[in-house]
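Enquirer: the following comprises the amino acid sequence and a computationally predicted model.
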Amino acid sequence: MSTVLPFTEQLDALVRQVPGVEALYPAGSIVAVVLTATLDAAAHRAPAAPLVHSAQQADGVRITAKIGIGAAESSAEVSGRVHDAIAEHLRQAGDPPVAQITVIVASVRLSA
Amino acid sequence: MTELTPANRRFLAFDLDDTEREQAGLNGHTIEQLSDYLDRGRSPADPSIDDSPDCDIALRGLERLRRSHKALLERDLERESLRDDSWVSSILKNITLEAHAGREIPLTHPSPTARLVVTEGAVRGVLRETGDRVQNVFVGRCVLVGDVSVPGTPISIAVDVTVFPGENIPLLAEQLRHAMYVALGKYTELVVATIDITVSDLQAPPDASAQNKEH
């Protein structure tokens, strides 16, 4: 059983601002992603669900961000920067126990 | 190693007509739907496409294929009726199959709570785009062979390419291999033992006898 945490929407903005991040994709389950996207498309509205997935589990907070990066920097540099930004954000938001911060580089855009 | 592969060995690992597998890899869409989406200028915006990295990779592959094909047509319109365009459909199918996320390839970070990965689909996208940037080459199939999920395990890359007329194939393969090594070194921490490039299609001008038959 997991609980979605209240600061997830802040994490979306935070991750988007990390240098080298060019896209932020939904990190939840594929079923939830497809259903939400389909409903949003049908209603002609922006995606409502937070893209960075955040959950409180027995061993601590688990955060997952799925990103697309540009060509300028390496996957390790950009994903590491995203991890560090999320970790710092959690420290400032009460410093909850962190089980895992997952950053998935899902696309690399060599050209614009 | 650069080798020529018999035509009947191409793309043997894939079931090219499996629509369910294609849709599963493209967030519920087919390559035809993505092509239509490009035709419409990505409007109206479809979040189920725009929010999918798999679709993003496939769309960029489609755009490069279209640009390349258009350039060929402009260069060589009079031969169009003779050209065998089966390579285009092969590449389209491989773009579709290879865009899906696939396995996760770890990236290192000093924090014990960090789990950083780059997807196999993203890496295939990098290799495909890197190859397509080499002039007169178009990447067909692209496979990461080996256990990419265990850091430090040597793996190999198998790439099929189409080469257009007028190229020195060994030189071109070396140029391509070098570019791919550089890209893999930048965007992954994989230990790449070999990059095997197979020229599976040669887009040569049709011969005179073929032209005579046509007329």
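Expert: Cool, got the structure.
Enquirer: find the residue ranges of chain A scoring beneath the pLDDT cut-off.
Expert: Residues of chain A meeting the criterion pLDDT under 70: A:1-9, A:29-48, A:112.
Enquirer: residue numbers of chain B in contact with chain A?
Expert: Residues of chain B lying close to chain A by C-beta under 8 Å from any C-beta of the partner chain are B:27-28, B:44, B:46-48, B:51-54, B:56-57, B:60, B:101, B:104, B:107-109, B:111, B:113-119, B:121-123, B:125-126, B:129-130, B:133, B:183, B:186-189. C-beta coordinates here come from the backbone N, C-alpha and C atoms, glycine included.
Enquirer: what about the helices in chain A?
Expert: Applying DSSP state H to chain A gives helices spanning A:8-16, A:30-42, A:75-92.
Enquirer: quick one: the longest strand seen in chain B to chain centroid distance?
Expert: Counting residues, the longest strand found in chain B (DSSP state E) is strand B:191-202. Relative to its chain's centre, strand B:191-202 lies at 12 Å (C-alpha atoms, centre = their mean, to the nearest Å).
Enquirer: can you pull out the helices in chain B?
Expert: B:19-25, B:31-39, B:47-50, B:53-75, B:86-98, B:120-133, B:169-187, B:208-214.
Enquirer: buried ones from the residues of chain B next to chain A, can you make that a PyMOL selection?
Expert: For anyone working in PyMOL, the buried entries among these, judged by 16 or more other C-beta atoms under 10 Å in any protein chain shown, can be selected with:
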select buried, chain B and resi 27+28+46+47+48+51+52+53+54+56+57+60+101+104+107+109+113+114+115+116+117+118+119+121+122+123+125+126+129+130+183+186+187+188+189
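Enquirer: residue ranges in chain B under the pLDDT threshold?
Expert: Those would be B:1-25, B:69-87, B:97-99, B:203-215, if you go by pLDDT under 70 across chain B.
Enquirer: how near is the residue nearest to B:Gly152 when sequence neighbours are not counted to B:Arg67?
Expert: Distances taken as C-beta to C-beta, 6 or more residues apart in numbering or on different chains place B:Val191 nearest to B:Gly152, at 5.9 Å, with adjacent residues excluded. For B:Val191, the distance to B:Arg67 under the criterion C-beta to C-beta, to the nearest Å works out to 34 Å.
Enquirer: do the same with B:Phe138
Expert: In this structure, B:Phe138 and B:Arg67 are 10 Å apart, going by C-beta to C-beta.
Enquirer: still on that earlier bit, what about the residue nearest to B:Gly152, how many neighbours?
Expert: Neighbour count of B:Val191, defined by other C-beta atoms under 10 Å in any protein chain shown: 14.
Enquirer: now swap in B:Leu127 and tell me
Expert: When neighbours are counted by other C-beta under 10 Å, B:Leu127 registers 24.
Enquirer: run through the bridge partners of B:Thr198.
Expert: Each beta-bridge partner of B:Thr198 is listed here, defined by DSSP bridges: B:Glu3, B:Asp160.
Enquirer: and it, how many neighbours does it have?
Expert: B:Thr198, neighbours per other C-beta under 10 Å, totals 19.
Enquirer: can you check B:Val182 too?
Expert: 11.
Enquirer: distance-wise, check it relative to B:Pro170.
Expert: The span separating B:Val182 from B:Pro170 equals 19 Å under the rule C-beta to C-beta.
Enquirer: run a quick neighbour tally on the nearest residue to A:Gln10 once chain neighbours are set aside.
Expert: Spatially, and ignoring its direct neighbours in sequence, A:Gln10 is nearest to A:His89 (7.0 Å; C-beta to C-beta, 6+ apart). By other C-beta under 10 Å, the residues close to A:His89 number 15.
Enquirer: and if you look at A:Ala55?
Expert: The criterion is other C-beta under 10 Å. On that basis, A:Ala55 has 17 neighbouring residues.
Enquirer: does it have beta-bridge partners, and which?
Expert: Under the criterion used (DSSP bridges), A:Ala55 bridges to A:Val4, A:Arg62.
Enquirer: is it true that it touches A:Gly28?
Expert: No: A:Ala55 is not in contact with A:Gly28 according to C-beta atoms under 8 Å; the separation is 9.5 Å.
Enquirer: sorry, back to before: so B:Phe138 and B:Arg67 - more neighbours on which side?
Expert: Counted by other C-beta under 10 Å, B:Phe138 and B:Arg67 do not tie: B:Phe138 has more neighbours, with 23 against 11.
Enquirer: quick one: the more buried one and B:Arg66, what's the gap?
Expert: Between B:Phe138 and B:Arg66 the distance is 12 Å, computed by C-beta to C-beta.
Enquirer: equivalent analysis for A:Arg91, please.
Expert: A:Arg91 sits at a distance of 47 Å from B:Arg66 (criterion: C-beta to C-beta).
Enquirer: higher neighbour count, these two?
Expert: More neighbours surround B:Arg66 than the other of A:Arg91 and B:Arg66, with 14 against 11 (other C-beta under 10 Å).
Enquirer: so who does the more buried one touch?
Expert: Remark: with contacts taken as C-beta atoms under 8 Å, 6 or more residues apart in numbering or on different chains, B:Arg66 is in contact with B:Leu38.
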